[in-house]
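Visitor: 3D model of this:
(one chain, ligands or ions: 2)
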Amino acid sequence: MLLEVKNLKVCYDTAMILNDLNLGVDQGELVSLVGPNGAGKTTLLRAITGLVRWEKSTMRGARAGDITIEGTVHFAGERIDRLAAHEIVRRGLVHCPERRRPFREMTVTENLKAGGYLCSDRRELQRRLEMVYQLFPVLKDRGNQISGKLSGGEQQMLAIGRALMLQPRLLCIDEPSTGLAAKLKQELFERIKEIRSSGIAMLLVEQDVSMAFKLASRNYVLSHGRVIAEGTSEELLKDETIRKTYLGL
Ligand SMILES: Nc1ncnc2c1ncn2[C@@H]1O[C@H](COP(=O)(O)OP(=O)(O)O)[C@@H](O)[C@H]1O
Ligand SMILES: [Mg+2]
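Guide: Ligands and ions are numbered 1, 2, ... in the order given. From the prediction side, this is the model:
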């Protein structure tokens, strides 16, 4: 397994957000993570990529609550759950967060170049930029425009493009299609397929369960911080309780 999460627990104060959670993503595999609002999907991505620990480390002085994190996370055979977020990124585990937020006053191209901050080789950076432009031609067309002026769909593509500039081995994408019109949503999923074909593994959190299940080779269903079901799309859709209770299908 490229990513292996074992017995992960996250508590905010006394609230158990993730409870004894196990999950894995193989090399080049696209795995979906679905489940109702508040199930803990975003917290899981943030825990894997070191952001929950960062949050904990930035808590100052006496605070009413505290954050507890237990369990292990391995990436490419290495234990990473004690590493800082920037060290995790360096290993090729990249997080594309929920609310798409480019640096609004920078141009599209500047945003993409900023995304490649770990790469100091200018030719390599240019090669990645061309690769992102090829995947999202609209970003090339809008290259010199101020990012804050992009439409919601374009900003989402920019957010993914920016993450790709880091040349991830595993890309964790949090709810990319939220708020997009049907046509744009469809296009975004086509691009996600292309990213998968290029060999980048993905852990995709998605509200559109039908769509996620079409893309993913395996899926995890989360509820109240626990994995309540996992399997291929076919397996999960066969289970009527899961389908009705957790998937809304
Ligand atoms: N920083 C935080 N402090 C306290 N509680 C949080 C924090 N982040 C998330 N939670 C709580 O954790 C639960 C899971 O949230 P989240 O991971 O955002 O779920 P999802 O992404 O599946 O909607 C929610 O009950 C939320 O209120
Ligand atoms: Mg979320």
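Visitor: please count neighbours and contacts with C-alpha atoms only from this point.
Guide: OK.
Visitor: other residues contacting the longest helix seen in the chain?
Guide: Ranked by number of residues, the top helix in the chain under DSSP state H is helix 182-197. For helix 182-197, the external contacting residues (Cα atoms under 8 Å, 6 or more residues apart in numbering) are Gly28, Glu29, Leu30, Leu135, Phe136, Gly153, Met157, Ser177, Met202, Met211, Leu215.
Visitor: what do you get if the cut-off is 7 Å, keeping everything else the same?
Guide: Gly28, Leu30, Leu135, Gly153, Ser177 (Cα atoms under 7 Å, 6 or more residues apart in numbering).
Visitor: can you list the residues of the chain near ligand 1?
Guide: Tyr12, Ile17, Asn37, Gly38, Ala39, Gly40, Lys41, Thr42, Thr43 (Cα under 6 Å from any ligand atom).
Visitor: where's the last one, which helix or strand?
Guide: It stands for Thr43. Taking DSSP states H and E as the criterion, Thr43 maps to helix 41-48.
Visitor: alpha carbons of that helix, as PDB, please.
Guide: Extracted in PDB, the C-alpha atoms of helix 41-48 (Å, rounded to 0.1, in the frame of the first residue of the first chain):
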ATOM      1  CA  LYS A  41     -13.900  13.200   6.000                       C
ATOM      2  CA  THR A  42     -12.100  16.500   6.100                       C
ATOM      3  CA  THR A  43     -10.500  15.800   9.400                       C
ATOM      4  CA  LEU A  44      -9.200  12.500   8.100                       C
ATOM      5  CA  LEU A  45      -7.500  14.200   5.100                       C
ATOM      6  CA  ARG A  46      -6.100  16.900   7.500                       C
ATOM      7  CA  ALA A  47      -4.800  14.200   9.900                       C
ATOM      8  CA  ILE A  48      -3.100  12.300   7.100                       C
END
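Visitor: residues contacting that helix, please?
Guide: Val52, Val73, Cys172, Asp174, Val205.
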